[in-house]
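Trainee: here is the input, now give the coordinates:
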Amino acid sequence: MSRIREQLLDGISSENFLDIATSLFQGDWENRTEVAKEVAALHNEGIVDALAEFLNLKNGSKNHRFFITRHIFEDAFPYLEAPVVDVMKCVKHLTKEAGQDMTAGVLISPFIDFCTKNFSRPQEALELAIEDHDQWKDFISPAIIAGARISLKDYVNHAIELSQNQSEDISSSAVLAMGRIDYSDDLETVTNVVKALMTVVNSSKNDQIFASVLKTAFAMYKNDRSKKPEIIEILSITLNNPGDATLHSASEILFFEKTDLPDFVIDLLLPAFEHVNPEYRGTLDNLDYGLEYLLKGLRGNQAIILIESLLLKHGREFPLTAFDSLSSEIVKNHNGILSWTITRWLKSDEITLGRSSIELIQENIGKKSELSADLTQLDKLNVGLNLRLAKRACGWFFYKPVYAVSYMMSLIELSSEDEVRKISDIIFNPLLISYPGSVKSYLSNLPENTPEKNKGVSKDLLKRLEEYHDGLRSAQAIKELEPSIAHREAYARKINKEMSASYKEAQKGYFLSHLFGKQSVLLYGNSSIYYIQHGPKGEATRHETPLQSINASIEFPSLEHLDPHSLELMLLDFKLEGYRG
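Mentor: Numbering: from 1, shown residues only. As a prediction, the model looks like this:
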């Protein structure tokens, strides 16, 4: 008798069978298949009812090994001898217990393998599922797929017949199964399936059925590329005013099949996504990853235009953060897509796109520090366009000053002398005098290949800044403008009091304070000392940690101090420059 079998028998005697099996399975990972085989053997010999044991398995906070134990059942599947209905009960129970876990449906594939071991099992499972589809509808597709491995034509015909069933559950499951069957080189059967799909889309308007049709139609195209005209017609009908389920299937195709999607499918999918519901996060995630892939290719503009339509349709209900992966790729500036996007959005007469342009930058801060206009979108005949773009860039990007200034400077090359003067004035006030650090540094370090026109503007701006600061320095000698010592001390006390209150308030929500309850305050010195308790008698070892300086700086716009209300009004005016309504 093997060691594994002996320990499993001990588990049966102590009514601790699954715990022992899980420990063996987890502890001897290389030989876990042997554990599963022994579990199946003991069940087949009638020594233990393994299915009953797994039916009692629960997933909860006290059972941290649920998924490991379920893995035993998964591996034991091919070796089990049991009534189909009992196996279906067990699969359904374990799938339900897994909840929303991504591996919840992993038992379906082993169930298909189980059914293919005996020619009668697929038929029995299918009959049970159709007879009581409210309870067993999830087994319709697996039963058809398993049966098709035994007799392809018979079970495909079953599926075609069931696709016309009055029950939406049965019909959609049958359609879905047809897309997951291995047809090998049987193109005649593929043709029959395509005809059946055409019949379904012409006789039904059900969203769930259309969702299944969408996946199966694409699978049929991959089986037989000559069916392109029929597939285009089927997809066109399916994606005409699509429902939520259909759009989710479309998003899965875009995401999972993105490397193998023909152009005609992409052209059909993208317009359909304009109907996507912003509340369906799973669909949006798939769409986000799929569009990210398109952005890296030659279809980036189409991805941006789709996002535009969603932003304009839903407004604040559709934040750009829903597409964080796509946004990140845009800011990486693949093929100049960032410049193209920002210029397009700032040119638009829709204020939503102007707001979205700064959201795009803010969500990906640190990945890029400069910005340029897409000059291909600028029209010299459109008088005032460059100035309007400069004002909007200043209004929306004011608190990201290098973005704003670099964008505005890129407009100068194609601007008239009058526009250059006005753009230069905007760069100086409010940007340069508000940010004499970062903006001055940018203007002082323009690349060598910068056009002479831009270099001249930069030189003039730096000269104006110096004159501005000379004027400020000359005012320092005016005693009437200098606060008294008493006023300065009062202001310092006020700031110190506000900072202390802010620190105490922040400590209330600081999650580490719940982990480390004891806090230490350093009054002076250049190191901290602490003791680590160890050993059976609680010996303590002294440790010393040298203190290190940590520096952080934020450039705060000076006009926020000098004239905050005028600044706010100016930026609002710039943001609204030229917008209709």
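Trainee: now stretch 475-487, how far from the centre of its chain.
Mentor: Its chain's C-alpha centre lies 55 Å from the corresponding centre of stretch 475-487 when counted by C-alpha atoms, centre = their mean, to the nearest Å.
Trainee: show me the helices in the stretch 301-450 of the chain, by range?
Mentor: Taking DSSP state H, counting those that start in this stretch, the helices of the stretch 301-450 of the chain run over residues 324-331, 337-347, 351-362, 385-397, 401-411, 417-426, 433-434, 438-444.
Trainee: out of those, flag the one nearest Y468.
Mentor: helix 433-434 (6.0 Å; C-beta to C-beta). (C-beta placed from N, C-alpha, C; glycine too.)
Trainee: and that closest one, what other elements does it pack with?
Mentor: Packing partners of helix 433-434 (3 or more C-beta pairs under 8 Å, 6 or more residues apart in numbering; DSSP states H and E): helix 559-562.
Trainee: let me see the mean pLDDT of the helix it packs on.
Mentor: For helix 559-562, mean pLDDT rounds to 88.
Trainee: and that helix, what's buried?
Mentor: L559 (16 or more other C-beta atoms under 10 Å).
Trainee: other residues contacting whichever helix or strand comes after that helix?
Mentor: Using DSSP states H and E, the helix or strand that follows helix 559-562 in sequence is helix 564-575. The contact list for helix 564-575 (C-beta atoms under 8 Å, 6 or more residues apart in numbering) reads 351, 354, 391-392, 394-396, 398, 426, 430, 434, 557, 559-560.
Trainee: ok, now with 7 Å
Mentor: G354, K391, R392, C394, G395, W396, F398, P430, L559, E560 (C-beta atoms under 7 Å, 6 or more residues apart in numbering).
Trainee: between helix 417-426 and it, find me the angle.
Mentor: Relative orientation of helix 564-575 versus helix 417-426 (axes from the mean of the first three to the mean of the last three C-alpha atoms, to 10 degrees): 140 degrees.
Trainee: just the angle between helix 564-575 and helix 385-397, please?
Mentor: 130 degrees.
Trainee: quick check: angle from helix 564-575 to helix 401-411?
Mentor: Using the same axes, to 10 degrees: helix 564-575 against helix 401-411 is 40 degrees.
Trainee: buried residues in helix 564-575?
Mentor: L567, M570, L571, F574, K575.
Trainee: tabulate the helices of the stretch 301-450 of the chain (JSON lines), appending mean neighbour count.
Mentor: What follows is the helices of the stretch 301-450 of the chain, written out as JSON lines (neighbours: other C-beta atoms under 10 Å):
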{"stretch": "helix 324-331", "mean neighbour count": "21"}
{"stretch": "helix 337-347", "mean neighbour count": "22"}
{"stretch": "helix 351-362", "mean neighbour count": "20"}
{"stretch": "helix 385-397", "mean neighbour count": "24"}
{"stretch": "helix 401-411", "mean neighbour count": "24"}
{"stretch": "helix 417-426", "mean neighbour count": "17"}
{"stretch": "helix 433-434", "mean neighbour count": "20"}
{"stretch": "helix 438-444", "mean neighbour count": "17"}
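Trainee: rebuild these as CSV, extending it with distance to L254 and mean pLDDT.
Mentor: Formatted as CSV, the helices of the stretch 301-450 of the chain follow (distance: least, C-beta to C-beta, whole Å; pLDDT from 0 to 100):
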stretch, distance to L254, mean pLDDT
helix 324-331, 12, 89
helix 337-347, 18, 94
helix 351-362, 21, 91
helix 385-397, 31, 96
helix 401-411, 31, 96
helix 417-426, 41, 96
helix 433-434, 44, 96
helix 438-444, 39, 95
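Trainee: any idea which of the contacts of helix 564-575 is closest to N551?
Mentor: E560 (22.4 Å).
Trainee: now the closest residue to the closest one other than its chain neighbours: how far from P557?
Mentor: The shortest distance from E560 to any residue other than its chain neighbours is 6.5 Å, reached at L567 (C-beta to C-beta, 6 or more residues apart in numbering). According to C-beta to C-beta, to the nearest Å, L567 stands 7 Å off from P557.
Trainee: the closest residue to Y221 other than its chain neighbours: what's it in contact with?
Mentor: Nearest non-adjacent residue to Y221, counting by C-beta to C-beta, 6+ apart: I231, 4.5 Å away. I231 makes contact with A217, M220, Y221, according to C-beta under 7 Å, 6+ apart.
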